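Colleague: Could you work out the structure for the sequence below:
(chains A and B)
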Amino acid sequence: MIKYLILIILLTNLITADSLSNLLEEVESNKEKSLYTVDEKLGNVTVYSQKELRLMQYTTLSDLLKEIPISNLNKNKFGNLNLSLPGSKTDVSGFFRVFINNHEVSSNYTMTPSAAWMELPMDLVDYVEIYRGNSSFSLGSESGIFFIRVYTKDASKENASKIFATATDNGSNSEAIAHSDTLENGWSYLAYLSHTMSKDSVEYEDKNVENDANYNYLYLNVKKEDTDINFGYTYMDKDNYFGMSIDAEPDDGQYISQDFFLDFTTHFLQDDSVKLKLSYDVNKLKYEETNSDNGIAAISVINNPVITPEKFNSNNKVIKTSALLSKEISFGRNNLLAGIDFQNKEYDFIDASAVFSGVKTDYENFSSFDSEITYSAFLQDDYRLFDNLILVINAKVDKYERNDNIEDETNEHYRVGAIYTVSENLGFKAFYTKTQIVPSFYNIDYKMKSLTELKTQKYKYYYVEGVYAKNDYRFSFLYNNVEIKDFIFYTPIGFYNVDYIIDVDNYVFDLDYTMSENHRLHINYFTTTISNAPINNSNQGAYVKLLGEFGDFEYFISVIYRNAYEYEDISVDDTYNSNLGVTYNISKDIALSLKAENLFDKSTESLYKEGDASNYFITNIGNFALEDLQQKITFSTKWVF
Amino acid sequence: MKILIILFTLFTLAYSQQRVFVLDKYDKEIELEAKIVSKIANESLRENIKIYIPNISDQEKKIYSKYFEVSVDCESANFVFDKSGLGNNACKNLDKLYFTNNYRRLMSKSRYFGAFFWNKSRPNIVFVKQRLKKNGINLSAEYNQFIEEIDDK
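Modeller: Have a look, this model is predicted:
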């Protein structure tokens, strides 16, 4: 009886496996895995597939990034969510970099992921890859350590119009429309337009500190086979939250940013082995703040710490033009990639002023450093020593030409590594990288007044990764060590290079269990130790995610943990950010979703500082911690037509 | 209990999908596309297929060769899968079957008897009833759900 049953099951499987309907289902499920662009040679990689993004109901990019290991998502003094290294809340220019369809959208002023793109609605996003490793070796872009690569929906696989709408119980809402089509000549296009009105505030010392914001996005992608054209525009205006006010109580303030880019990428030759990429970026940032009681810590205009302005505004623009040409060559067991890259950044200081005791002063600049040209050449070779062992060697040279007294410099970057697949169930990767990150315009504008220069940060980075995967389980272990010399550290009186080497050890454990075709459990834990630097942020974290679908319903449950920490006289407890959501697919084209975030009001907390002009700049008192994320319930709907 | 264990094992084998690394260029999409086109071509023509795909890439050629004899020109092929658009004169008035991946092309050019394309984020297949008849193609019942009547003007 048992034998017959098994035979029937196997025969049924064989007969139906290759039916046209089944093949179409397989095509759809293959698309949802989002493995088209993954490149294991760039470092440790985590893929957030289309299916995971859908089931987990991530609403924005920052909503996704809050859970990733070896980083924390914190709210800065301007109320923007940004990524920090575990154990530290300091700004880390150039460390984290965000790309959309292979175009970098990090701010060219600060070299950190721009506030507006961090809030990019996930309606536009197809999948996300997160690389821990310097992928500039293969892509010719600027150096960094942590690369977040976002890919928008593929117009040729969409061919639909979509309307998205969300509303939360705290009064926030967003609306978006997307349209994509494939024309008869093979060109396809995707147009996306969205507006979000975000309501956010925090209670501090019986005051309600507002952090309301408006985010607007326009995105256009046009492509055909070898050619990909991307246009992106964001406009964000928001309250300035605590701003730079010394008493953490600004009278008024506004933060407005506009980002624009146009990127053209095309490939030549039958095998698409020659790539040409041209791009143009504009980042505009306008800031205004008034604080008549205790002044504003706008260190770029302060000469005497006890004399601070009651009003400050700045308005600047950075324009970047870049071009890249690369060629891939395969011969024998080698895959060689060689390329050259050119970047020109022009910093336009539009205007700035400060009011001291009723007297207004206008500024022509904060620093005369306003131009940077970079010439790069890079080479990558992966050599398949054996069928199961690949050796990877990278080299890159960046030559910087800058104006003012910022010295020109030439930086050399190297990387060697190996990928060893012991069996179909077991594999290892190990890489060693030596790289540098140059100071940004922002670092120089806000450096300590006493310094004549900021040095380039030097990174040495190595990691070992082991993966065991069998049937439905995938277990991975990652160890990495980051050694940073001349780390650029932010203090209340500006940026400076620390005079000691920072040594960071990270350990990540990850278990991914596919319980059945439609249900998945994912557990992750990381811990970080930092030598020579005070801990002022969580240095351990974990998450547990359960996600799946049954019938017309989809669900997820997640708990994101960050450990307790103490800094000076502040103690922050363990935090457990718990979330759950459910989606009901009324039909193939209409879905309703409900999501509860931060269920127990236990979000991570970030440090801020207050005081008065006499102590703010010279002592480490007046620190306080506040929650990064609110408790909220979001209702959303999607209509495809 | 035995049955449960066997069923669980079969279920697990059917859905196991974890992998260590993705080292080679991910070509499952082309593999599935080739499988679908192969199934349709064999069902439509019922003879040895010689396929022509304009502007075929090296990766596609490698995969399609597992299912077909891949022709370097249109003249010697008996089945054309038009993914990137045929030139104005290429293949004109030649007696062979034309299939495409572009719905608009299917709608506007009567030479195509069907298309495999994406609509509303989902993969679709459509065969045009009149054009099947015109080309003398008899598809089995499994294909009925994909056949549509389109008015050729």
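
Colleague: Please list all residues in contact with A:S156.
Modeller: A:T182, A:S188, A:K223, B:W118 (Cβ atoms under 8 Å, 6 or more residues apart in numbering or on different chains). Quick note: C-beta positions are derived from backbone N, CA and C, even for glycine.

Colleague: any idea how far A:E424 is from A:E26?
Modeller: 21 Å (Cβ to Cβ, to the nearest Å).

Colleague: okay, the two: which has more neighbours?
Modeller: Neighbour totals were compared for A:E424 and A:E26, and A:E26 leads with 18 against 11 (other Cβ atoms under 10 Å in any protein chain shown).

Colleague: Now that one. Nearest residue, chain neighbours left out?
Modeller: Nearest non-adjacent residue to A:E26, counting by Cβ to Cβ, 6 or more residues apart in numbering or on different chains: B:L32, 5.8 Å away.

Colleague: which of the contacts of A:S156 sit farthest apart?
Modeller: Spanning the widest gap among the contacts of A:S156 are A:K223 and B:W118, at 13.6 Å by Cβ to Cβ.

Colleague: Was I right to think the residue nearest to A:E26 contacts A:L23?
Modeller: Yes. With contacts counted by Cβ atoms under 8 Å, B:L32 reaches A:L23, the gap being 6.3 Å.

Colleague: by contact count, what packs against the longest helix along chain B?
Modeller: Longest helix in chain B by number of residues (criterion: DSSP state H): helix B:28-45. Helix B:28-45 is packed against helix A:20-33, helix B:58-64, strand B:79-82, strand B:97-100, strand B:112-119, with contacts defined by 3 or more Cβ pairs under 8 Å, 6 or more residues apart in numbering or on different chains; DSSP states H and E.

Colleague: Can you check which of those gets nearest to A:S273?
Modeller: Using Cβ to Cβ, the helices and strands packed on helix B:28-45 put helix B:58-64 closest to A:S273, at 9.7 Å.

Colleague: Work out the gap between the next helix or strand after that closest one and the centre of the chain.
Modeller: Remark: after helix B:58-64, the chain's next helix or strand is strand B:69-70, criterion DSSP states H and E. For strand B:69-70, the separation from the chain centroid amounts to 14 Å (computed by Cα atoms, centre = their mean, to the nearest Å).

Colleague: Identify all contacting residues around strand B:69-70.
Modeller: By Cβ under 8 Å, 6+ apart, the list of residues contacting strand B:69-70 reads B:N48, B:I49, B:K50, B:I51, B:Y52, B:I53, B:I56, B:K61, B:Y64.

Colleague: Just the C-alphas of the longest helix of chain B, formatted as CSV.
Modeller: Provided in CSV are the C-alpha atoms of helix B:28-45 (Å, rounded to 0.1, in the frame of the first residue of the first chain):
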residue,chain,number,x,y,z
LYS,B,28,17.8,29.7,-13.9
GLU,B,29,15.6,32.3,-15.5
ILE,B,30,17.0,31.6,-19.0
GLU,B,31,16.9,27.8,-18.2
LEU,B,32,13.2,28.1,-17.5
GLU,B,33,12.5,30.2,-20.5
ALA,B,34,14.3,27.7,-22.7
LYS,B,35,12.3,24.9,-21.2
ILE,B,36,9.0,26.8,-21.9
VAL,B,37,10.0,27.7,-25.4
SER,B,38,11.2,24.2,-26.1
LYS,B,39,7.9,22.8,-24.9
ILE,B,40,5.9,25.2,-27.1
ALA,B,41,8.1,24.7,-30.1
ASN,B,42,7.9,20.9,-30.0
GLU,B,43,4.2,21.0,-29.4
SER,B,44,3.7,23.4,-32.4
LEU,B,45,6.0,22.0,-34.9
